[in-house]
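*Asks:* Just the structure for this:
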Amino acid sequence: MKRREFSLSTASAVAATALTLPVATPALAQARQFKEGKDYKRLDKPVTLDAPAGKVDVIEFFWYSCPHCNAFEPTLDAWVKAAPKDLSIRRVPVAFNASFVPQQKLFYALEGMGKLEALHAKVFRAIHVEKAKLAKDDEILAWVTQQGVDAAKFKEIYSSFTVSNQVRRASQLQDAYGVEGVPSMGVAGKYYTDGTMAGNMQNVLQVVEFLTKQK
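*Replies:* Numbers count the residues shown, from 1 in each chain. Now for the predicted structure:
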């Protein structure tokens, strides 16, 4: 979903593509070469890496309310589980405006409580399948409580200085990579690609695999 594009028809097409295509493998990425300026862009200014030494930093930029991200999530999850061990893969929630911030805080609060693995996909399902409203603080608190999460502890972490700093860092990364839409990917602090550039999200994963091998 582009920063100013909210077309449900486009979302449906992307969803269909993401759900019918196979998961990318390193062999697929090696089978073709990708072109800078077409399939991906090189950043003018490298981004400071957060990955451990010896690991290649790979970021998925996403938004819980984005139908494209919802469609892409199962494919991404399968790819992450099969990815080489030298990749440090993480998700970063974006904020194109202030209304996105509560969902950024939701992501980092769940991560801080060790609940992200269990509830990340459920957040997508709640929004896109169950049609739950999870855009405001009170809506989010009510939903996580329904999931059996300690409401008091969640609220403490959700409102914490640590989460505020994580949200700030997420916005810095979003700006540094020049993110214009989601889902999109940043690689090694040097490269950026998305479905528009690569053609579709299946190709994006192949481009990412190609870029992780560049020096």
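
*Asks:* roughly how far apart are the residue sitting furthest away from the middle of the chain and T196?
*Replies:* Most distant from the centre of the chain: A152, at 27.2 Å, with distances by C-alpha atoms, centre = their mean. To T196, A152 is 43 Å away according to C-beta to C-beta, to the nearest Å. Glycine gets a C-beta too; all of them are placed from N, C-alpha and C.

*Asks:* cool, N97 as well?
*Replies:* N97 sits 20 Å away from T196, going by C-beta to C-beta.

*Asks:* So which of the two has more stuff around it?
*Replies:* A count of neighbours by other C-beta atoms under 10 Å puts T196 above the other of N97 and T196, at 13 against 7.

*Asks:* Give the closest residue to that one in space, chain neighbours not counted.
*Replies:* Nearest non-adjacent residue to T196, counting by C-beta to C-beta, 6 or more residues apart in numbering: G181, 6.8 Å away.

*Asks:* Any idea how many residues pack against the one you found?
*Replies:* Quick note: G181 (other C-beta under 10 Å) scores 20 neighbours.

*Asks:* what do you get for the one 10 residues further on?
*Replies:* Under the neighbour criterion other C-beta under 10 Å, Y191 is assigned a count of 25.

*Asks:* Now do the contacts for it.
*Replies:* Residues in contact with Y191 (C-beta atoms under 8 Å, 6 or more residues apart in numbering) are Y40, K41, R42, L43, L211, Q214.

*Asks:* Quick check on those: which are buried?
*Replies:* Among the contacts of Y191, the ones that count as buried by 16 or more other C-beta atoms under 10 Å are Y40, K41, L43, L211.

*Asks:* Could you identify the most distant pair in those?
*Replies:* The most widely separated members of the buried ones among the contacts of Y191, counting by C-beta to C-beta, are L43 and L211 (11.6 Å).

*Asks:* Find the residues that touch each one of the two.
*Replies:* In terms of C-beta under 8 Å, 6+ apart, L43 and L211 are both contacted by the residues K190, Y191.

*Asks:* And the strands in this structure, which stretches?
*Replies:* In the chain, the strands defined using DSSP state E lie at 41-42, 56-62, 87-93, 184-187, 191-194.

*Asks:* Could you tell me which strands the shortest one is paired with, and in which direction each runs?
*Replies:* Same thing as strand 41-42. Here strand 41-42 has these sheet partners by DSSP bridges: strand 191-194 (antiparallel).

*Asks:* related to what we said a few turns ago, which one of the buried ones among the contacts of Y191 is nearest to E60?
*Replies:* Ranked by distance to E60 (C-beta to C-beta), the buried ones among the contacts of Y191 are led by L211 at 13.6 Å.

*Asks:* Leaving aside the residues adjacent along the chain, what's closest to the closest one?
*Replies:* L211 sits nearest to V187 (C-beta to C-beta, 6+ apart), 4.3 Å away.

*Asks:* partner residues bridging the residue nearest to T196?
*Replies:* Bridge pairing for G181 - DSSP bridges - gives K2.

*Asks:* now the buried ones among the contacts of Y191 as TSV including distance to Y177?
*Replies:* Below are those laid out as TSV (distance: C-beta to C-beta, whole Å):
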residue	distance to Y177
Y40	11
K41	9
L43	7
L211	13
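
*Asks:* who's in contact with the closest residue to H120 other than its chain neighbours?
*Replies:* Nearest non-adjacent residue to H120, counting by C-beta to C-beta, 6+ apart: L110, 7.0 Å away. L110 sits next to L116, L119, H120, V123, V144, V149 when contact means C-beta under 8 Å, 6+ apart.
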